[in-house]
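[1] model this:
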Amino acid sequence: MPSPKSGSPGKGSKKGSPDKSKSKKSPKADADKKNVPEPPAEEEELVVPVPEGVMHRRMRFLLETKLKTDVEFLVGPEHTQSSIKAHKCMLAAESPVFEQLFTDCEEWKVNNIKQCEEEARKIREAEREMELAVQNAATPKAKKSPDKKDKKGSPGKSSGGKSPEKSPGKKSDKKSPEESPKKSPKSKSGKEKSPNKGSPGKSSKGSGKGGSGSPPPAPDSKVNFYKDEVIGEDIIRIQDVHPLGFYRLLRYVYYDEMVFTGVVGTLRTLYAARKYCFYELARACVNYLENNVCIEHVLKLLKASFDFNEPRLRSLCMRLIINDTFEVLKRAEFKDVHRDLIVQILQQDVLNIREIELFDQVMHWAENECERIGIPVTAMNQRIALGNHNFANIRFPTILPHEFATHVVESGALKTDEIISILQYHITGRKPKVPYSCKTRRRPCLDLSPLDNASVAFSEQTDVTFLVYSGNMRRAHSFRDIYIPEAILPPTKTVLIKERQRSGSPPARFHLTDDEFDEVDANIKHLARLYWERLHFEYGKQHLAVMRTHYK
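    Just a heads-up that it's a prediction; the model follows:
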């Protein structure tokens, strides 16, 4: 019986041992867990903003001092190029066009390395060929012509040491591998040189460095769509952007600054912004131009509106041209405008100019165009320079008969049958069989609303304020024909236009301050009240007249 007793505690001990071990290990594990330091709780971030302008000053310092610049731009035409240095990372992060340009720079470097290796290989081959030619030319001079016996003799005798000069010149090439092993690689290279002249890609060494598929020279490597050209290691030539416009673009990239210096400078910046896909800067430039449409630059702005597809700017320019056609067309820069702009003006049904004056200005432009394209200045050539289909936009039947007979006919711009047909129209009133319209162009009428900043002017010569209400209180043929009597003038006269002194007529659009706008709004309301009072008075008179006749 001792065995089961002895066995029972043993079993019990075995069974109890794991419980004890567990009971012993658990406090240690708890102690270890307690001893492990808990991760500290993350404190809240305190963001302290940097004073405004600090980063901009740093970027300004980089741009102005040219510190660590890695790309150079040659901006402008060839005779007036300006060197502007910048950082690739800044420009590539802002514009995909610059990123593509810098990729072209890396390709230019690789192609330049390949080209240098190819030139070095060609130089080595030329030197090797020159050495072979010199050696072959020196060999027959050093050796005398062999005898007939020596020619018939065995090669062993010829290789004898008594007379080394008697070695035959013709058979020396065949015996060269046995006689002089030093000359064998030269002779082999000389034999392999002939195919290398025609096709250098066949040689084992030359095929890897440059063969028939070697890249073209660096200057003709690649000219991208934007007319920018990589001409050196990290050197880019930009011929169609003005240096000032490109530098203003860099100022916008480096320290978020938009600079507008007049209409001409803004047009240069707009061209650079559109070319390199800076749309926000381009939009800001267009807004500036829209607020500064004037007679001096209206033709340039109209051309820019067509080039950059800006319909609102185009409508503002056409509005000014319609209202001040004579002042715009008599300017000196009108002779240099593109033909499409002339056609755009001729197609308008409303112009503030007489048809005979329009004809004179168009003929002056055509004369300058003939000189530009290098053809004789004649009436028919002037017509051809404008285009016969565009010349038909001039409305000759609407010109007064005496002006047509004394001015247009003597100019020689019209053919005989056209002259006869138009004269018959003036005499009989029948519509002529010519492509010229008989409908007279209308003069612009001024309509003003409180939200419109146009058609408000003050004439110091006549002391008259030019104001027309949108309710058609008074419609005028042109700016010159608006005369509001002083008896119904508004109480406050607005002197808003300074350009009348130099241009002779108010512009079609200008900017108003808040104070001036309040004055204009008050004047408009005053004129509206006068208008409705007059209408009410006229209606009352008519009503009284009707009632009196009725009761009679």
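
[2] residues in contact with the residue nearest to E310 when sequence neighbours are not counted?
    In space, and not counting its chain neighbours, E310 is closest to V286: 5.6 Å by CB to CB, 6 or more residues apart in numbering. To be clear about C-beta, it is placed using only N, CA and C from the backbone, and glycine gets the same treatment. For V286, the residues meeting the contact criterion (CB atoms under 8 Å, 6 or more residues apart in numbering) are L270, F308, E310, L313.

[3] Restricted to helices, list those.
    L270, L313 (DSSP state H).

[4] Let's have the contacts of V286 in a markdown table, adding neighbour count.
    Below are those laid out as a markdown table (neighbours: other CB atoms under 10 Å):
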| residue | neighbour count |
| --- | --- |
| L270 | 25 |
| F308 | 18 |
| E310 | 20 |
| L313 | 20 |
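
[5] biggest separation within the contacts of V286, which pair?
    The two members of those with the most space between them (CB to CB) are L270 and L313, at 10.2 Å.

[6] intersection of neighbour lists for these two?
    In terms of CB under 8 Å, 6+ apart, L270 and L313 are both contacted by the residues V286, L289, A304.

[7] need the contact list for the second one.
    Right, the one you point to is L289. Neighbouring residues of L289 by CB under 8 Å, 6+ apart: V263, T266, L267, L270, L301, A304, L313.

[8] one more time with 10 Å, if that's ok
    L289 makes contact with 260, 263, 266-267, 270, 297, 300-301, 304-305, 308, 310, 313, 316-317, according to CB atoms under 10 Å, 6 or more residues apart in numbering.

[9] How is it assigned, secondary-structure-wise?
    On the three-state scheme (DSSP: H, G, I helix; E, B strand; the rest coil), L289 is labelled helix.

[10] in the chain, which ranges drop under the pLDDT threshold?
    Counting by pLDDT under 70, the ranges of the chain that qualify are 1-37, 50, 140-226, 445-552.

[11] per the record, what domains does it have?
    The domain map for the chain lists 324-444, 457-551, with the assignment taken from automatic domain parsing.

[12] thinking again about what came up before, how close does the residue nearest to E310 get to R372?
    V286 is 30 Å from R372, where distance means CB to CB, to the nearest Å.

[13] same question, I353
    24 Å.

[14] Which one's more surrounded, the two?
    I353 (23 against 11; other CB atoms under 10 Å).

[15] Please determine how far the closest residue to the more buried one other than its chain neighbours is located from I427.
    Distances taken as CB to CB, 6+ apart put T325 closest to I353, at 4.0 Å, once the chain neighbours are dropped. According to CB to CB, T325 and I427 sit 30 Å apart.

[16] quick one: which of the two has more around it?
    Neighbours per residue, other CB under 10 Å: of T325 and I427, the larger number sits with T325, 24 against 9.

[17] Please give me every residue in contact with the nearest residue to F391 once chain neighbours are set aside.
    With sequence-adjacent residues excluded and distances taken as CB to CB, 6+ apart, F391 is closest to R383, at 5.2 Å. Under the criterion of CB under 10 Å, 6+ apart, the neighbours of R383 are V362, M363, A366, N390, F391, G412, A413, L414, K415.
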